[in-house]
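Peer 1: Whatever this is, show me its structure:
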Amino acid sequence: MTVPIPQPSASASPAPLGAGDLAAEITAQLSSQLRTVRLYGFRTPRPAAPTLVAVAHGSRDPRALPAVRALLDRVRALRPGLPVRLGHIELNRPLLADTLTDLRGDAVLVPLLFGHGYHVTHDLPAALAAAPHLTGRIAAPLGPHPLLAEALHGRLLEAGAAGGSTAVVLAAAGSRAARSARDTECTARLLSARLGGLPVVPAYASAAAPTVAEAVRTLTADGHERIALASCFTAPGRFATQCAAGAPGIAAAPLGDHPALARLVLHRYDQALLGRTGSDPESIRAATVAV
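Peer 2: Next up is the predicted model:
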């Protein structure tokens, strides 16, 4: 690149540039040229990543919100720079509707839920449809997935269930939706595989059968004396506490900020980015990732 050197004007006769001044002038000229090249040639700004909106159910339990926030802190640590926001379906602030109102641009709603129940199939699409200013996508729920089984297994090990238990009850919230029950059953099979084939029986806090007590009775009748409980809940709450109270022995803690769960949240976000966009009902249905 040829850098023009300023010439003296006819009306002035400045002193010749010294070596240092000449070098400074050349550097300034080159910097100006390089800025132009970056702006118009090679340095195109990347579009901002869509905001990850983690959707929690909400709970009156004072331990719930800190647990969800800890999970999202781990998500942020895994992917620095990704905008991550929180919205609750009910009971806690910020509510999902308020979070979406404050956002602009693109967003991916990642439900911190474990099956295709009513909240995932109806409440989330309705919330997104009520925010037409957003280009939104809805990710699949967190279950079933091997990373969920890894997190459940990890919490069981932390509770001391390794080696001593002969069966596990997988406690979940429950739903009237048949697909949600199938999701939980699939998660039970994945957890059983991680436990070397140990029997894992799903049980529910509401809206579905069996209850934890019923599942324990069935396993006891089959000859299992050391039964542990795996807690398929993101955070402490009424259902998690209720299920743990029905455990005859070891009860694992809710999943909280388990590293595998944080990785799963990002995995669902990435999956959703492969789908269509839009906030009209047809686009919302198409953008909900099927697994």
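
Peer 1: you'd agree Ala162 is up against Gly154?
Peer 2: No - contact criterion CB atoms under 8 Å: Ala162 and Gly154 do not qualify, at 10.5 Å. Where C-beta positions appear, they are placed from N, C-alpha and C, glycine not excepted.

Peer 1: of the two, who's got more company?
Peer 2: Between Ala162 and Gly154, Gly154 has the larger neighbour count (other CB atoms under 10 Å), namely 17 against 13.

Peer 1: how near is Ala262 to Leu82?
Peer 2: Applying CB to CB, to the nearest Å, the value for Ala262 to Leu82 is 12 Å.

Peer 1: and for those two, which residues touch both?
Peer 2: Residues touching both Ala262 and Leu82 (CB atoms under 8 Å, 6 or more residues apart in numbering) are Val75.

Peer 1: So the two - more neighbours on which side?
Peer 2: Higher neighbour count among Ala262 and Leu82: Ala262, with 24 against 15, using other CB under 10 Å.

Peer 1: For my notes, confirm the more buried one occurs in a helix.
Peer 2: Yes - using DSSP: H, G, I helix; E, B strand; the rest coil, the assignment for Ala262 is a helix.

Peer 1: Quick check: which element contains the residue nearest to it when sequence neighbours are not counted?
Peer 2: In this structure, Ala262 finds its nearest non-sequential neighbour in Arg74, 4.0 Å apart by CB to CB, 6 or more residues apart in numbering. Under the criterion of DSSP states H and E, Arg74 resides in helix 64-78.

Peer 1: tell me the mean pLDDT for the next helix or strand after that helix?
Peer 2: The helix or strand immediately downstream of helix 64-78 is strand 84-88, counting by DSSP H and E. Model confidence over strand 84-88, given as mean pLDDT, is 98.

Peer 1: In PDB, list the C-alpha atoms belonging to the helix or strand following strand 84-88.
Peer 2: On the C-terminal side of strand 84-88, the nearest following helix or strand under DSSP H and E is helix 96-102. Presented in PDB, the C-alpha positions along helix 96-102 are these (Å, rounded to 0.1, in the frame of the first residue of the first chain):
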ATOM      1  CA  LEU A  96     -42.200 -15.400  32.000                       C
ATOM      2  CA  ALA A  97     -44.600 -12.800  30.500                       C
ATOM      3  CA  ASP A  98     -42.600 -10.000  32.100                       C
ATOM      4  CA  THR A  99     -39.300 -11.400  30.900                       C
ATOM      5  CA  LEU A 100     -40.500 -11.700  27.400                       C
ATOM      6  CA  THR A 101     -41.900  -8.100  27.500                       C
ATOM      7  CA  ASP A 102     -38.500  -6.800  28.400                       C
END
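
Peer 1: List the contacts of helix 96-102.
Peer 2: By CB under 8 Å, 6+ apart, the residues outside helix 96-102 that reach it are 53, 55, 85-89, 107, 109, 124, 127-128, 130-131, 134, 136.

Peer 1: what's the closest of those residues to Ala67?
Peer 2: Ala67 lies nearest to Leu86 out of these, by CB to CB, at 11.8 Å.

Peer 1: show me what contacts the closest residue to that closest one other than its chain neighbours?
Peer 2: Closest residue to Leu86 apart from its sequence neighbours, by CB to CB, 6+ apart: Ala54 at 5.3 Å. Contact analysis of Ala54 by CB under 8 Å, 6+ apart lists Val68, Leu71, Leu72, Val75, Val84, Arg85, Leu86, Gly87, Val110, Leu112, Val265.

Peer 1: hmm, 7 Å instead?
Peer 2: Ala54 sits next to Leu72, Val84, Leu86, Val110, Leu112, Val265 when contact means CB atoms under 7 Å, 6 or more residues apart in numbering.

Peer 1: Phi and psi next, for it.
Peer 2: Phi and psi for Ala54, reported as degrees, to the nearest 10, are phi -80, psi 130.

Peer 1: end-to-end on stretch 156-169?
Peer 2: This stretch, stretch 156-169, spans 11 Å end to end (CA to CA, to the nearest Å).

Peer 1: Would you mind listing the outside residues contacting that stretch?
Peer 2: Taking contacts as CB under 7 Å, 6+ apart, the residues outside stretch 156-169 that touch it are 191, 195, 198-201, 203, 212, 215-216, 219, 224-230, 250-253.
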